[in-house]
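>>> A structural model of the following input is requested.
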Amino acid sequence: MTDLIDFKDKRLIKIITGVRRCGKSTLLELYKEYLLQNGVSENQIISINFEDVDFEFISDYTKLHDYVKERLLPDIMTYVFLDEVQHVKSYEKAVDSLYIKKNVDVYVTGSNAYLLSGEYATLLSGRYVEIKMLPLSFKEYVSALKNDIHTPKKYEKYLTNSSFPYALELKKQKDIKMYLEGIYNSVILKDIVERKKISDVSSLRLITKFMFDNIGNLCSTKKIADYMVSSGNKISVNTVDNYLDGLTNSFILYKASRYDIKGKQYLKSGEKYYFVDIGLRHFLIGSKKFDMGRALENTVYLELLRRGYEVYIGKVGNNEVDFIAINGNGERYYQVALTVRDETTKERELKPLNSINDHNPKYLLTMDDDPETSHNGIKQINVLDWLLGGATRF
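The predicted model follows:
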């Protein structure tokens, strides 16, 4: 919530994006409570959730603009909250018009990246700040658990029971499974099929399952198309690319491109994909062939995003660094492994980091419950301690 407080009353539209049910609406509710506790009266707040049937009549930007305009207060700040605004046709015209009015502070949420693409981004360019949300971090999950089990067991529950906030309220595995299936179906049918007008839903589901099975693996569109053909489903590379675009824009899938560390350039091939929630993968396709190392890599990738980094796969000569995390303060490098207590494994994990000649921070994150140590300047840290050191959004 810190970001919302920091941008309060600033001449910027606050756009909160993230996968369905990751907590965007809850964040807005908490922020509204903050406003009410800090001198803002209830009649200064206009709040619309476009998934609520009560607001179904607001179907286009003119109706949205008229509804809000009639409720604005003269000479005093009005806080306008538009939740899941992608349901409103040409919403950006209404948002832009509200933005230019005096004493209006606008907050918007949406469950797909199309909110900020193409014509939308052009119209709102320079007028908004995007606040990206993911489901609960491990630190947030642990703080919400009401038991005294050991941290490694909490991490296991975090993976298998899901990081989606409401899953914490569900006690039975079958209830969690039904809840996650509901999220998955909503994303597939509403955010991808409906948006992209896809007719072959079965192929989309097969590709999604393939991606679930290939967390953290190099994955080209041609490889996916070849897999589909081998499974008896002929599909073009362009169609695969279209489906992947739908999965990433709905925030269920994240693409990590490669970066040449020595050449200081972004590479056009060799990307990897990570999922927004390992629990979603577990409940939809089971734990068969479940690679805990890949799951840990996925967890670290998402945590780096939460901490505000741009994250890439690193290439240094013939070696690969799991992640390069880049922000305004520079670069840092991460290797992720379940354990490095075997010396051969440790040397293999350290080799890519040792081959980097710059002075940026380097980290080896493992599940080994050992004291923090250093290998030629490379810090080896217990990954659960590292995850618990992150900030919480609320």
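
>>> From now on I want contacts and neighbour counts done on CA atoms only, so please keep to that.
Will do.

>>> what's the neighbour count on I285?
Counted with other CA atoms under 10 Å, the neighbours of I285 add up to 12.

>>> hang on, it packs against M211?
No - judged on CA atoms under 8 Å, I285 makes no contact with M211 at a distance of 11.3 Å.

>>> Give me the common contacts of these two.
Counting by CA atoms under 8 Å, 6 or more residues apart in numbering, I285 and M211 have no shared contacts at all.

>>> List the residues that contact the residue lying closest to K132 once chain neighbours are set aside.
Distances taken as CA to CA, 6 or more residues apart in numbering put T17 closest to K132, at 5.1 Å, once the chain neighbours are dropped. Each residue near T17 by CA under 8 Å, 6+ apart is listed here: K24, T109, G110, S111, N112, A113, E130, I131, K132, M133.

>>> So which helix or strand of the protein has the lowest pLDDT on average?
Here the helix or strand of the chain ranked lowest by mean pLDDT, DSSP states H and E is helix 118-124, holding a mean of 70.

>>> Against which helices or strands is the helix or strand just after that one packed?
Using DSSP states H and E, the helix or strand that follows helix 118-124 in sequence is strand 128-132. Helices and strands touching strand 128-132, by 3 or more CA pairs under 8 Å, 6 or more residues apart in numbering; DSSP states H and E, are strand 13-17.

>>> if I look at I149, how far off is V142?
10 Å (CA to CA, to the nearest Å).

>>> So what would you say the end-to-end distance of stretch 352-369 is?
23 Å.

>>> hmm, who's touching that stretch?
Residues contacting stretch 352-369 (CA under 8 Å, 6+ apart): 261-262, 316, 319-321, 330-341, 349-350, 376-384, 386.

>>> Weed out the non-buried ones from the residues you listed.
261, 316, 320-321, 331-340, 349-350, 378-384 (16 or more other CA atoms under 10 Å).

>>> Mind checking which of these are in helices?
Among these, DSSP state H puts E349, L350, V383, L384 in helices.

>>> re earlier: quick one: which of I149 and V142 has more around it?
V142 (18 against 9).

>>> Report pLDDT for the closest residue to that one other than its chain neighbours.
Distance criterion CA to CA, 6+ apart; nearest residue to V142, sequence neighbours excluded, is K154 at 6.9 Å. Per-residue pLDDT puts K154 at 95.

>>> do the one 3 residues further on as well
Taken from the predicted model, the pLDDT recorded for K157 is 93.

>>> Using the three-state scheme, assign it.
helix (DSSP: H, G, I helix; E, B strand; the rest coil).

>>> That one and D9: what is the separation?
40 Å.

>>> T392 now?
For T392, the distance to D9 - CA to CA - is 23 Å.

>>> Quick one: the helices in the stretch 251-394 of the chain, in order.
278-285, 292-306, 343-354, 383-388 (DSSP state H, counting those that start in this stretch).

>>> Same list, those, but as a markdown table with mean pLDDT please.
What follows is the helices of the stretch 251-394 of the chain, written out as a markdown table (pLDDT from 0 to 100):
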| stretch | mean pLDDT |
| --- | --- |
| helix 278-285 | 85 |
| helix 292-306 | 96 |
| helix 343-354 | 97 |
| helix 383-388 | 97 |
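
>>> can those go into TSV with extra columns for distance to V240?
TSV is the format used below for those (distance: least, CA to CA, whole Å):
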stretch	distance to V240
helix 278-285	20
helix 292-306	22
helix 343-354	32
helix 383-388	34
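
>>> Please identify which helix or strand holds the residue nearest the centre of the chain.
The centre of the chain sits closest to L134, judged by CA atoms, centre = their mean, with a distance of 4.0 Å. Element membership for L134, per DSSP H and E: none, as it lies in no helix or strand.

>>> Flag the shaky bits of the stretch 1-150 of the chain, pLDDT-wise.
In the predicted model, the stretch 1-150 of the chain carries pLDDT under 70 at residues 118-121.

>>> What ranges does it have for its helices?
Using DSSP H, counting those that start in this stretch, helices in the stretch 1-150 of the chain cover 2-6, 24-37, 61-69, 91-99, 118-124, 138-144.

>>> by contact count, what packs against the third one?
In terms of contact count using 3+ CA pairs under 8 Å, 6+ apart, helix 61-69 is assigned the packing partners helix 91-99.

>>> from the chain's centre, how far out does the helix it packs on sit?
Centroid separation for helix 91-99 versus its chain: 25 Å, with CA atoms, centre = their mean, to the nearest Å.

>>> Buried residues, it. List them.
For helix 91-99, using 16+ other CA under 10 Å, the buried residues are Y91, E92, K93, A94, V95, D96, L98, Y99.

>>> quick one, what contacts the fourth one?
Each residue near A94 by CA under 8 Å, 6+ apart is listed here: Y61, T62, L64, H65.
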